[in-house]
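**Q** when you get a sec, could you give me coordinates for this:
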Amino acid sequence: MAPIDHVVTSGTFNLDGGSFDVDNNVWIVGDEREVFVIDAAHDASAIAAAVGDRRVKAIVCTHAHDDHVNQAPALADRFDAPIMLNPAERVLWDMTWPDRTPDLELEDGQQLSAGGVDLRVLQTPGHSPGSSCLYAPELGVVFTGDTMFNGGPGATGRSYSSFDTIIESIRTTLLTLPGETQVRTGHGDSTKIGDEAPHLEEWIARGH
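**A** Residues are numbered from 1 along each chain as shown. Take a look at the predicted model:
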């Protein structure tokens, strides 16, 4: 079985009084025995079907916008798995789940392991205060949530986000990864670090 499975789910993203239709990438990482679920979005049944009878070691949240965490408690309960989130995301988490607390904290540099796949937590604030990316060096893959997409940085026009901060996170953390590193995003198509790096200055010009 491939170390990375992928499910696309559809629903809404809600913040600052707006509601937007979105398609989310849900990533399932591990082997035939145990996995991480990265960003439990919209459709718990579809995600559970992709997991199958494997053990879920954790539901890992790259950030706490509602479209990335709206099925986290349901899947955590279904698979008896902890929810992991950077504590700086609590302000956003509490908007969706005021009566449910994440189980474990994600911290910069932390090493996670499931099914023979090692993930290193990279702290990349900007899109939200505690956004995290997950880097699997042996696979040559980084899961970027909404920090970086095919074509540019994640959105920073809403509450608790900062354009200058996301650019700094991308420049000092993501663009230091090997150029061949595959970027698995929270929405849309994948890309590579080396394909995005040359465009940093245009993003900065566009953002300002």
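**Q** hey, where'd the helices end up in this structure?
**A** 44-51, 66-69, 72-79, 90-96, 163-172, 193-196, 200-207 (DSSP state H).
**Q** need these in JSON lines with distance to residue 59, mean pLDDT and mean neighbour count, can you?
**A** For every residue, glycine as well, the C-beta is placed using N, CA and C. Shown next, in JSON lines, are these (distance: least, CB to CB, whole Å; pLDDT from 0 to 100; neighbours: other CB atoms under 10 Å):
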{"stretch": "helix 44-51", "distance to residue 59": "9", "mean pLDDT": "98", "mean neighbour count": "17"}
{"stretch": "helix 66-69", "distance to residue 59": "9", "mean pLDDT": "98", "mean neighbour count": "25"}
{"stretch": "helix 72-79", "distance to residue 59": "5", "mean pLDDT": "98", "mean neighbour count": "19"}
{"stretch": "helix 90-96", "distance to residue 59": "12", "mean pLDDT": "98", "mean neighbour count": "18"}
{"stretch": "helix 163-172", "distance to residue 59": "23", "mean pLDDT": "98", "mean neighbour count": "18"}
{"stretch": "helix 193-196", "distance to residue 59": "26", "mean pLDDT": "97", "mean neighbour count": "18"}
{"stretch": "helix 200-207", "distance to residue 59": "31", "mean pLDDT": "90", "mean neighbour count": "12"}
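**Q** may I see the ones you listed organised as CSV, with distance to residue 126 added?
**A** Formatted as CSV, those follow (distance: least, CB to CB, whole Å):
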stretch, distance to residue 126
helix 44-51, 26
helix 66-69, 15
helix 72-79, 22
helix 90-96, 13
helix 163-172, 2
helix 193-196, 15
helix 200-207, 11
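**Q** to residue 186, which of those lies closest?
**A** Of all those, helix 66-69 sits nearest to residue 186, with 6.6 Å by CB to CB.
**Q** now the closest one, how far from the centre of its chain.
**A** Centre-to-centre, helix 66-69 and its host chain are 10 Å apart (CA atoms, centre = their mean, to the nearest Å).
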